[in-house]
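Engineer: Everything below, folded, please.
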Amino acid sequence: MKALSMVLVLAAGTAQAEVALQVSFSDAARAKLTELGERVVVNAMYYGEPTEAGQPYADDGMGLVSLGDEVFTLWPRDQVVTLGGAMAGLPLDLVVEPGLNVNIYSARFAHEDNLLDCGLVDAPLREVEAAPQAIYCKLIGE
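Structural biologist: You can find the predicted model right below:
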């Protein structure tokens, strides 16, 4: 029974994994967004290559299965964003290995265009869980 409990704890730990994003902004980006009262969107999408069970859910374009996403709307301040709240409900049996794609852009509440040029994350989940992921944002053209 003890071995079974250990397996369940390990399995639950995998499903509840967390990914830390260290989001930072250039002085110019922070100042411009603050001046406008604009916020920032962090869009984290989970995906993967389909298993046999996942084949019916693969998209027509790249043949990947979309597992779900997490979206945060933040003020433009340097901060750590912790992903993982949606992971417990992801249908991981549909993919060979889950991946994570993170894009950050201005929220377009105060300005109709995206104002930010940010780094991104696009890698297998096991790689991005291992260490905080730094994403730097600056103004487009900066």
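
Engineer: where in this structure is pLDDT low?
Structural biologist: Filtered on pLDDT under 70, the chain yields the residue ranges 1-16.

Engineer: For residue 68, see how far away the residue most central in space within the chain is.
Structural biologist: Most central residue of the chain, judged by C-alpha distance to the mean C-alpha position with C-alpha atoms, centre = their mean, is residue 44 at 2.5 Å. Residue 44 is 9 Å from residue 68, where distance means C-beta to C-beta, to the nearest Å. Placement of C-beta: from N, CA and C, glycine included.

Engineer: Please apply the same query to residue 46.
Structural biologist: 5 Å.

Engineer: Overlap of the contact sets of the two?
Structural biologist: Counting by C-beta atoms under 8 Å, 6 or more residues apart in numbering, the residues touching both residue 46 and residue 68 are 86, 90.

Engineer: Of the two, give the one with the bigger neighbour count.
Structural biologist: Set residue 46 next to residue 68 and count neighbours by other C-beta atoms under 10 Å: residue 46 wins out with 22 against 13.
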